[in-house]
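S.K.: Please work out how this folds:
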Amino acid sequence: MYYDDEQLHKEIQNLPEEAREFIKSLDIADIVSNIGLEQDLLISEIGYLYEETKKVIVGETRPEGFIDGIHAKLGEENKNKANQVGTEINNRILIPIRDAYKKISMGNLVQDPNQQPAT
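M.R.: Coordinates of the predicted model:
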């Protein structure tokens, strides 16, 4: 399924408020665009990346299948680029969202990975 920004926002509205606020705080389109431009991708390829990223965020694609989805869109000749952009999107968007979900669902039971241990 194709998700335009309006549909993505509707899907996000079904999430807990704290998760919604965190996702809204990320400029996902801008981050994906910057990653694509850093890898010299075409605008159409950046659009594919954005689409695949939205599918993971709304749960249509499992995170484990994310890079495979990018490979399928960019083609075998761009396999290394697909791995690089997939890793960057994971690091800049998907992992922070996952960590926010964990924090919301588990509260103080999960230590913030950015927090320094008490001494």
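S.K.: now what about stretch 71-84, what contacts it?
M.R.: By CB atoms under 8 Å, 6 or more residues apart in numbering, the residues outside stretch 71-84 that reach it are Gln39, Leu41, Glu45, Tyr48, Leu49, Glu51, Glu52, Ile67, Ile70. Using the backbone N, CA and C atoms, a C-beta is placed for each residue, glycine as well.
S.K.: Recalculate using a threshold of 6 Å.
M.R.: Gln39, Glu45, Tyr48, Ile70 (CB atoms under 6 Å, 6 or more residues apart in numbering).
S.K.: got a winner among the residues you listed for most neighbours?
M.R.: Highest neighbour count within these, by other CB atoms under 10 Å: Ile70, with 23 neighbours.
S.K.: Test my guess that that one contacts Thr87.
M.R.: No: if you go by CB atoms under 6 Å, Ile70 and Thr87 don't touch, sitting 10.2 Å apart.
S.K.: Now that we have the contacts of stretch 71-84, can you turn them into CSV and tack on pLDDT?
M.R.: Converted to CSV, those look like this (pLDDT from 0 to 100):
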residue, pLDDT
Gln39, 92
Glu45, 93
Tyr48, 91
Ile70, 91
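S.K.: Going by distance to Glu11, which of these wins?
M.R.: Among these, Tyr48 lies closest to Glu11 (CB to CB), at 19.0 Å.
S.K.: Tell me how far that closest one lies from Met106.
M.R.: From Tyr48 across to Met106, the span is 33 Å (CB to CB, to the nearest Å).
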